[in-house]
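1. Test case, fold it:
(chains A and B)
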Number of protein chains: 2
Amino acid sequence: MSIVDPISQIFLRLERRNQPMHVGGLQLFSIPDNAPADYVHQLVDRARAQNAIQPPFDKRLKYRLGQPFWRADHDFDMEYHVRHLALPEPGAIRDLLALVSMLHAALLDRARPLWEVYVIEGVTDNRFAIYTKFHHSMMDGISAMRVLRRFLSIDPGREHFRVPWQLPPQAKTRPRPWSAGVAMLQSSYRQAAALPAAARSLYDAWYDARHDPDFTGPAEAPACILNRPVSGSRRFAAQGYSMTRIRGVADAFGATVNDVVLALCSSALRRYLIDQDALPRAPLIAMLPISLHDTEDATGNRVALIYANLATDIADPAERLAAIKRSVDYWKRRYKRMSAEQIMAVVATMTAPAGLNLLSGLAPSRQSFNVVISNVPGPENTLYFGDAEMLGMYPMSIVLDGQALNISLVSYRDMLEFGLMACRRALPSMQNLLKYLGDALDELEQTAGLPATS
Amino acid sequence: MSIVDPISQIFLRLERRNQPMHVGGLQLFSIPDNAPADYVHQLVDRARAQNAIQPPFDKRLKYRLGQPFWRADHDFDMEYHVRHLALPEPGAIRDLLALVSMLHAALLDRARPLWEVYVIEGVTDNRFAIYTKFHHSMMDGISAMRVLRRFLSIDPGREHFRVPWQLPPQAKTRPRPWSAGVAMLQSSYRQAAALPAAARSLYDAWYDARHDPDFTGPAEAPACILNRPVSGSRRFAAQGYSMTRIRGVADAFGATVNDVVLALCSSALRRYLIDQDALPRAPLIAMLPISLHDTEDATGNRVALIYANLATDIADPAERLAAIKRSVDYWKRRYKRMSAEQIMAVVATMTAPAGLNLLSGLAPSRQSFNVVISNVPGPENTLYFGDAEMLGMYPMSIVLDGQALNISLVSYRDMLEFGLMACRRALPSMQNLLKYLGDALDELEQTAGLPATS
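-> Numbering: from 1, shown residues only, chains lettered A, B, ... in the order given. You can find the predicted model right below:
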């Protein structure tokens, strides 16, 4: 029995019926040629037979004197945690997304370990899918994506069959950026004066920086329908876009892949909000975790938060990309001169207003940011679940009151996979964003004079 | 906009993440011969096209100054309310029950009208199913069963196609027994002295009656695993048993169908609890709403609550049935001498301790009853949804902290359809009760010397 750490407790306390605090992922697989007709059924049986459950998958919440602890579940019920579902004929991706939207809206059972896996058969073109759900108190979104990658193998074959709950626990090597902020602001929540002096001096420096024209900070974001209270229903939309094409655009404009991703999101959001007659006059602000390393470094912890100006007030795609790039570069320059500790202090300071609003449940008097966009580097090689090739993986994150849309990305092979999670009621027809993302990529290619590839 | 009545408010307030307060039903249909391959898909499309939504199906909750109101949903989202799902191959009933168990465990979205309909294709033997979910604040279990019958037709044919949300609202002709009790105890909850003098004198009479050896009242029930706190996960088990066979047993023992139903439940529960090494020494007590009319009378309101001794301490099936019958007959005799108003007053008084416990969320110091068993008369004729014959319908009710099992029954044609809803964690392998119910029927037939029919 171990105590639930304070950050995880916050995620438990933030949970509401309209605001489940679990993250997840959708993975799409190909059924091998010549597989038996009951291939998926056999796979589910085989997965359920893996009953040597590793921490944290075996732990459930147990309250003692109001204090939550993690304790082994002695009534572990494999059939409950591993479900077998199917799509109606003909198994369109649209139906798959509708199903996982519904599943993502349901709260986890707090009497059990806080995870569920759904194996979904009947996806058109001889495919099946796996939707996995972890409570944020058990695992954050980045760790969830990592687990969904670790159980797969680069070698196809039945002998490589593993399931997430069999994986030996991994040491935490990468701090959770937002969580780190929350941890620091926990003390500040109780007493603002308790903020470390270092963080306060950084805060002052940051405050001065507002005279820099490229600076974008919290409390700059306009009021927007993206920031409505959320209902209990969700819409998940997912699609992959060619990394080669995105890199081509980035090179043409002297920008990074991340800059182009933001430009695509900006263009799609701008168009969606115009459809809804709801585009704010001021530009939208995105909050994004960003790696300060050029390459992925498993032991690196130089992860920071950026408030990026999405420049949704600019109609011209090239100008918009340039404005986004300047906004991101401002933070990169600033962070490059700092130590990891200083960066974490800045992040904690910046997230304080947003975090306080989340914790206190009050509507922010001024919106800190309009949308979270997070981009996690993923596997470059083809991965297999047993002998089933993974065709795509899409992150599924959390929406909150005041944050009705979350955009999460993960790369896989040559694809950049977008997972858009939204409140289905606050943001009607949100799935149109997928088409608009694709159109935005076409548009940037045309603007750059690149040959049409789509 | 109309105010939410006090009883419905109680059901809203009683709801917890581990204790959803919705009722529902599962209906099984046959796909007509020569139907097109996309028959169910067409049916879903046709259902969704019925968008002239009648009250209360168009109403959602809206809070003003902490007071809930019903208000028309101006963003009604038909695709959200009417879902299309499927079973994995080969579509076993076991998988259907697992799916609806999962669906019944999920809370409704309070931002929308509090109902959902799931059309489930791919049930083995060319069948499909419909699972419907209504919040108890919108509709009680009896009304839900009635709605699920009213939208069907006794004539097959596409021209008879109707959906529940098209039905014109019906005047309330039948009071809700438990709800009526709750309504009366609402005032008593605030101030015990406010109970009508009539009810109090009845209470005294009832108290005296404890000297009658056949009397079973509240606060007689033993501690039992049926009365554990519940988790957020559910197990639904459903099966029909031949009404002809049950009537045969009733006639052989000079008992009613209802007496035999209780004897079957008693036998099954006794055996299940012995399996779990958890049979209390004292007999289990069931709470059941009972009609005091010999025939179903649509305008009758002579419905009362009975606390029946299930005689689970008696091993002999014939003796057990006799003890159950005596316990039920006690209440029938008593109620026969009373006016409807007097009966309602007694019911309110009897349910007060249980109701107070539910309302206050406190564990009862003494258990009032162990299990709710409710039996609703259903249609005798074959019913059709368009041209699809209904093969069976099964009520799906609520479990609560301290009431981890609910047994609801509805008759259809020659079948008595049992719907058993349980907390999946408090009552492991609860589905064994279905087999035990069947075995109990065999046993009573043998005891009565009837020819074996199963």
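
2. Pop the domain breakdown of chain A in here.
-> Per automatic domain parsing, the structural domains of chain A span A:2-166, A:196-380+A:395-447.

3. So which of those domains is nearest B:Val372?
-> Ranking the domains of chain A by proximity to B:Val372 (Cβ to Cβ) places domain A:2-166 first, at 21.7 Å. C-beta here means a position set from N, CA and C on the backbone, and glycine is covered the same way.

4. In CSV: the domains of chain A, plus mean pLDDT, mean neighbour count and distance to chain B.
-> Converted to CSV, these look like this (pLDDT from 0 to 100; neighbours: other Cβ atoms under 10 Å in any protein chain shown; distance: least, Cβ to the nearest Cβ, whole Å):
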stretch, mean pLDDT, mean neighbour count, distance to chain B
domain A:2-166, 94, 19, 3
domain A:196-380+A:395-447, 82, 20, 3
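
5. Dump these to CSV, plus distance to B:Tyr330.
-> Compiled in CSV, the domains of chain A are given as follows (distance: least, Cβ to Cβ, whole Å):
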stretch, distance to B:Tyr330
domain A:2-166, 39
domain A:196-380+A:395-447, 46
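
6. Just give me how far the helix or strand encompassing A:Phe69 sits from the chain centre.
-> Following DSSP states H and E, the helix or strand that holds A:Phe69 is strand A:67-72. Here the centre of strand A:67-72 is set off from its chain's centre by 26 Å, with Cα atoms, centre = their mean, to the nearest Å.

7. C-terminal to it, which secondary structure element comes first?
-> Counting by DSSP H and E, what follows strand A:67-72 is helix A:78-81.

8. partners of the strand holding A:Phe69, with directions?
-> Looking at strand A:67-72 with DSSP bridges, its partner strands are strand A:2-3 (antiparallel), strand A:59-64 (antiparallel).

9. is it true that A:Asp401 touches A:Asn18?
-> Yes - counting by Cβ atoms under 8 Å, A:Asn18 is a contact partner of A:Asp401 at 7.3 Å.

10. Pull up the overlap in contacts between those two.
-> Common contacts of A:Asp401 and A:Asn18, defined by Cβ atoms under 8 Å, 6 or more residues apart in numbering or on different chains, comprise A:229-230.

11. which SS class is the most centrally placed residue in chain A?
-> Nearest residue to the geometric centre of chain A (Cα atoms, centre = their mean): A:Ser408, 3.7 Å. Put simply, A:Ser408 is strand when judged by DSSP: H, G, I helix; E, B strand; the rest coil.

12. Spatially nearest residue to it, not counting backbone neighbours?
-> Distances taken as Cβ to Cβ, 6 or more residues apart in numbering or on different chains put A:Pro395 closest to A:Ser408, at 3.7 Å, once the chain neighbours are dropped.

13. The host helix or strand of the one you found: how far from the chain's middle?
-> In the assignment (DSSP H and E), A:Pro395 maps to strand A:388-396. Distance of strand A:388-396 from its chain centroid, counting by Cα atoms, centre = their mean, is 14 Å.

14. Give me the spatial nearest neighbour of A:Asn432, chain neighbours excluded.
-> Using Cβ to Cβ, 6+ apart, the closest residue to A:Asn432 is A:Tyr272 (6.0 Å).

15. And A:Ala92, by the same measure?
-> A:Thr124 (5.9 Å).

16. quick one: that neighbour from B:Pro428, how far?
-> Distance, A:Thr124 to B:Pro428, by Cβ to Cβ, to the nearest Å: 38 Å.

17. Ok, A:Phe369 next?
-> For A:Phe369 relative to B:Pro428 (Cβ to Cβ), the value is 47 Å.
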